[in-house]
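Participant: Have a look at this fold, sequence not included:
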(Lines give C-alpha, C1' and ligand atoms only; values in the text may rest on other atoms or scores of the structure.)
Protein backbone atom coordinates (compact mmCIF):
# COMPACT_ATOMS: atom_id res chain seq x y z
CA UNK A 1 0.00 0.00 0.00
CA UNK A 2 1.63 3.23 -1.17
CA UNK A 3 2.06 6.34 0.91
CA UNK A 4 0.48 9.65 -0.04
CA UNK A 5 2.28 12.84 0.95
CA UNK A 6 0.34 15.60 2.69
CA UNK A 7 0.94 19.31 3.14
CA UNK A 8 -0.33 21.52 5.94
CA UNK A 9 -2.94 23.83 4.49
CA UNK A 10 -3.77 25.65 7.69
CA UNK A 11 -5.47 25.58 11.07
CA UNK A 12 -9.13 26.49 11.46
CA UNK A 13 -11.13 27.43 14.54
CA UNK A 14 -14.84 26.82 14.88
CA UNK A 15 -16.85 29.85 15.99
CA UNK A 16 -19.75 27.70 17.22
CA UNK A 17 -17.85 24.74 18.72
CA UNK A 18 -15.90 25.97 21.72
CA UNK A 19 -12.25 24.94 21.71
CA UNK A 20 -12.55 23.06 18.41
CA UNK A 21 -9.57 23.38 16.10
CA UNK A 22 -9.02 21.52 12.86
CA UNK A 23 -5.59 20.93 11.38
CA UNK A 24 -6.24 20.88 7.64
CA UNK A 25 -3.95 18.70 5.52
CA UNK A 26 -4.23 18.16 1.80
CA UNK A 27 -2.62 15.66 -0.53
CA UNK A 28 0.30 16.96 -2.56
CA UNK A 29 -0.82 15.38 -5.82
CA UNK A 30 -4.59 15.57 -5.45
CA UNK A 31 -7.57 17.60 -4.28
CA UNK A 32 -8.61 15.78 -1.12
CA UNK A 33 -8.43 17.44 2.29
CA UNK A 34 -7.82 15.60 5.55
CA UNK A 35 -9.06 17.65 8.54
CA UNK A 36 -7.99 16.45 12.00
CA UNK A 37 -9.44 17.80 15.25
CA UNK A 38 -6.66 18.89 17.61
CA UNK A 39 -6.39 20.57 20.98
CA UNK A 40 -5.76 24.27 21.59
CA UNK A 41 -2.19 23.76 22.85
CA UNK A 42 -1.21 21.66 19.84
CA UNK A 43 -2.88 24.13 17.48
CA UNK A 44 -0.87 26.96 19.04
CA UNK A 45 2.35 24.97 18.87
CA UNK A 46 1.88 24.14 15.17
CA UNK A 47 0.90 27.73 14.36
CA UNK A 48 4.04 29.06 16.07
CA UNK A 49 6.23 26.61 14.16
CA UNK A 50 4.60 27.59 10.86
CA UNK A 51 5.23 31.28 11.55
CA UNK A 52 9.02 31.27 11.39
CA UNK A 53 9.28 34.81 12.74
CA UNK A 54 7.50 33.96 16.01
CA UNK A 55 9.70 32.65 18.81
CA UNK A 56 8.26 31.87 22.27
CA UNK A 57 10.28 33.22 25.24
CA UNK A 58 10.79 29.68 26.56
CA UNK A 59 10.86 26.39 24.59
CA UNK A 60 7.54 24.62 24.16
CA UNK A 61 7.31 20.86 24.68
CA UNK A 62 7.74 20.19 20.96
CA UNK A 63 10.76 22.52 20.86
CA UNK A 64 12.28 20.54 23.72
CA UNK A 65 11.74 17.26 21.89
CA UNK A 66 13.39 18.51 18.70
CA UNK A 67 16.30 20.00 20.64
CA UNK A 68 16.75 16.66 22.41
CA UNK A 69 16.73 14.81 19.08
CA UNK A 70 19.27 17.19 17.55
CA UNK A 71 21.56 17.01 20.59
CA UNK A 72 21.69 13.22 20.45
CA UNK A 73 21.84 13.09 16.64
CA UNK A 74 18.43 11.52 16.14
CA UNK A 75 17.05 12.31 12.71
CA UNK A 76 13.27 12.53 12.37
CA UNK A 77 12.76 11.26 8.84
CA UNK A 78 8.98 11.38 8.40
CA UNK A 79 5.54 11.18 9.98
CA UNK A 80 3.05 8.51 8.91
CA UNK A 81 -0.64 8.75 9.78
CA UNK A 82 -1.26 5.03 9.60
CA UNK A 83 -4.59 4.26 11.25
CA UNK A 84 -8.05 5.69 11.94
CA UNK A 85 -10.20 4.02 14.61
CA UNK A 86 -13.38 5.48 16.12
CA UNK A 87 -12.49 8.93 14.81
CA UNK A 88 -8.97 8.88 16.29
CA UNK A 89 -5.96 9.16 13.98
CA UNK A 90 -2.88 7.15 14.93
CA UNK A 91 0.58 8.20 13.78
CA UNK A 92 4.23 7.23 13.96
CA UNK A 93 7.48 9.15 13.93
CA UNK A 94 10.09 7.41 11.79
CA UNK A 95 13.47 8.20 13.34
CA UNK A 96 17.04 7.21 12.64
CA UNK A 97 20.22 7.21 14.72
CA UNK A 98 23.53 5.61 13.74
CA UNK A 99 21.82 4.20 10.62
CA UNK A 100 19.31 2.32 12.80
CA UNK A 101 15.66 3.16 12.12
CA UNK A 102 13.10 3.26 14.93
CA UNK A 103 9.33 3.76 14.85
CA UNK A 104 7.80 5.77 17.69
CA UNK A 105 4.05 5.77 18.32
CA UNK A 106 2.68 9.27 18.83
CA UNK A 107 -0.43 11.41 18.76
CA UNK A 108 -0.95 12.88 15.31
CA UNK A 109 -1.00 16.48 16.55
CA UNK A 110 2.31 16.00 18.40
CA UNK A 111 3.88 14.27 15.41
CA UNK A 112 2.97 17.12 13.08
CA UNK A 113 4.07 19.79 15.55
CA UNK A 114 7.48 18.11 15.58
CA UNK A 115 7.54 17.49 11.81
CA UNK A 116 7.02 21.21 11.11
CA UNK A 117 10.03 22.06 13.27
CA UNK A 118 12.40 19.65 11.52
CA UNK A 119 10.93 19.91 8.00
CA UNK A 120 9.98 16.22 7.98
CA UNK A 121 7.43 15.09 5.36
CA UNK A 122 3.95 13.88 6.39
CA UNK A 123 2.33 10.84 4.80
CA UNK A 124 -0.83 8.77 5.06
CA UNK A 125 -2.39 5.81 3.27
CA UNK A 126 -5.01 5.77 0.52
CA UNK A 127 -7.55 3.94 2.68
CA UNK A 128 -7.42 6.70 5.32
CA UNK A 129 -8.01 9.40 2.72
CA UNK A 130 -10.85 7.31 1.28
CA UNK A 131 -12.43 7.06 4.72
CA UNK A 132 -11.85 10.53 6.16
CA UNK A 133 -10.80 12.73 3.27
CA UNK A 134 -13.09 15.57 2.19
CA UNK A 135 -13.12 16.83 -1.37
CA UNK A 136 -13.39 20.57 -0.75
CA UNK A 137 -11.98 23.63 -2.46
CA UNK A 138 -10.12 24.69 0.65
CA UNK A 139 -8.04 27.26 -1.27
CA UNK A 140 -11.00 29.57 -0.71
CA UNK A 141 -10.97 28.97 3.04
CA UNK A 142 -7.39 30.06 3.60
CA UNK A 143 -7.18 32.64 0.85
CA UNK A 144 -8.90 35.99 0.49
CA UNK A 145 -11.58 34.95 -1.96
CA UNK A 146 -14.51 34.63 0.44
CA UNK A 147 -16.23 37.37 2.46
CA UNK A 148 -16.03 36.83 6.24
CA UNK A 149 -19.60 35.51 6.60
CA UNK A 150 -19.17 33.01 3.75
CA UNK A 151 -15.80 31.93 5.11
CA UNK A 152 -17.35 31.16 8.51
CA UNK A 153 -20.15 29.23 6.80
CA UNK A 154 -17.58 27.29 4.78
CA UNK A 155 -15.61 26.52 7.94
CA UNK A 156 -18.67 25.28 9.83
CA UNK A 157 -19.51 23.04 6.86
CA UNK A 158 -16.06 21.54 7.12
CA UNK A 159 -16.46 20.90 10.86
CA UNK A 160 -19.86 19.29 10.23
CA UNK A 161 -18.37 17.04 7.56
CA UNK A 162 -15.58 16.14 9.95
CA UNK A 163 -17.96 15.27 12.78
CA UNK A 164 -19.98 13.05 10.43
CA UNK A 165 -16.85 11.21 9.37
CA UNK A 166 -15.26 10.77 12.77
CA UNK A 167 -18.21 10.20 15.12
CA UNK A 168 -18.92 6.44 15.00
CA UNK A 169 -21.76 6.75 17.55
CA UNK A 170 -23.88 9.34 15.76
CA UNK A 171 -26.31 6.86 14.17
CA UNK A 172 -26.75 4.79 17.33
CA UNK A 173 -29.75 5.30 19.59
CA UNK A 174 -29.38 6.29 23.24
CA UNK A 175 -30.56 2.80 24.26
CA UNK A 176 -27.90 1.16 22.07
CA UNK A 177 -25.21 3.40 23.51
CA UNK A 178 -26.30 2.62 27.08
CA UNK A 179 -26.20 -1.12 26.35
CA UNK A 180 -22.71 -0.79 24.85
CA UNK A 181 -21.61 1.24 27.87
CA UNK A 182 -22.82 -1.43 30.30
CA UNK A 183 -21.01 -4.14 28.31
CA UNK A 184 -17.81 -2.09 28.20
CA UNK A 185 -17.90 -1.64 31.99
CA UNK A 186 -18.52 -5.36 32.51
CA UNK A 187 -15.52 -6.11 30.27
CA UNK A 188 -13.46 -3.54 32.22
CA UNK A 189 -12.79 -1.66 28.99
CA UNK A 190 -12.88 1.70 30.75
CA UNK A 191 -11.30 3.77 27.98
CA UNK A 192 -14.02 2.70 25.55
CA UNK A 193 -16.65 3.19 28.26
CA UNK A 194 -15.46 6.77 28.78
CA UNK A 195 -16.02 7.57 25.08
CA UNK A 196 -19.53 6.13 25.24
CA UNK A 197 -20.28 8.07 28.42
CA UNK A 198 -19.08 11.30 26.77
CA UNK A 199 -21.43 10.72 23.83
CA UNK A 200 -24.37 10.06 26.17
CA UNK A 201 -23.54 13.20 28.18
CA UNK A 202 -23.49 15.31 25.00
CA UNK A 203 -26.99 14.12 24.11
CA UNK A 204 -28.43 14.93 27.52
CA UNK A 205 -27.05 18.48 27.30
CA UNK A 206 -28.67 19.21 23.92
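Facilitator: In hand now; what should we look at? All values derive from a computational prediction rather than experimental measurement.
Participant: quick one: the helices in the chain?
Facilitator: Counting by DSSP state H, the chain has helices at residues 40-50, 61-71, 108-118, 126-132, 139-142, 148-166, 174-186, 190-205.
Participant: Of those, which stretch is the most buried?
Facilitator: Comparing the helices of the chain by mean neighbour count (mean count of other CB atoms under 10 Å), helix 108-118 comes out on top with a mean of 23. Heads up, the C-betas are built off the backbone N, CA and C, glycines and all.
Participant: List of residues touching that one?
Facilitator: 8, 23, 36, 38-39, 42-43, 45-46, 49-50, 62-63, 65-66, 69, 76, 78-79, 81, 89-93, 106, 120-122 (CB atoms under 8 Å, 6 or more residues apart in numbering).
Participant: picking that back up, format the helices of the chain as JSON lines; extra columns: distance to residue 97 and mean pLDDT.
Facilitator: Shown next, in JSON lines, are the helices of the chain (distance: least, CB to CB, whole Å; pLDDT from 0 to 100):
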{"stretch": "helix 40-50", "distance to residue 97": "23", "mean pLDDT": "89"}
{"stretch": "helix 61-71", "distance to residue 97": "9", "mean pLDDT": "95"}
{"stretch": "helix 108-118", "distance to residue 97": "14", "mean pLDDT": "96"}
{"stretch": "helix 126-132", "distance to residue 97": "28", "mean pLDDT": "90"}
{"stretch": "helix 139-142", "distance to residue 97": "36", "mean pLDDT": "49"}
{"stretch": "helix 148-166", "distance to residue 97": "35", "mean pLDDT": "55"}
{"stretch": "helix 174-186", "distance to residue 97": "40", "mean pLDDT": "86"}
{"stretch": "helix 190-205", "distance to residue 97": "32", "mean pLDDT": "77"}
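Participant: between those, which gets nearest to residue 102?
Facilitator: helix 61-71 (11.3 Å; CB to CB).
Participant: tell me what the closest one is packed against?
Facilitator: helix 40-50, strand 75-85, helix 108-118 (3 or more CB pairs under 8 Å, 6 or more residues apart in numbering; DSSP states H and E).
Participant: can you rerun that using 6 Å?
Facilitator: Contact analysis of helix 61-71 by 3 or more CB pairs under 6 Å, 6 or more residues apart in numbering; DSSP states H and E lists helix 108-118 as its packing neighbours.
Participant: from the middle of its chain, how far away would the helix it packs on be?
Facilitator: A distance of 11 Å separates the C-alpha centroid of helix 108-118 from that of its chain, computed with CA atoms, centre = their mean, to the nearest Å.
Participant: give me the beta-bridge partners of the most centrally placed residue in the chain?
Facilitator: Centroid check for the chain by CA atoms, centre = their mean gives residue 36 as the closest residue, at 3.2 Å. Residues in a beta bridge with residue 36, per DSSP bridges, are residue 23.
Participant: Likewise for residue 78?
Facilitator: Where residue 78 sits in a bridge, its partners, by DSSP bridges, are residue 94.
Participant: just checking, it touches residue 122?
Facilitator: No: using CB atoms under 6 Å, residue 78 is not in contact with residue 122; the gap is 7.3 Å.
Participant: More neighbours: those two, which one.
Facilitator: Set residue 78 next to residue 122 and count neighbours by other CB atoms under 10 Å: residue 122 wins out with 23 against 16.
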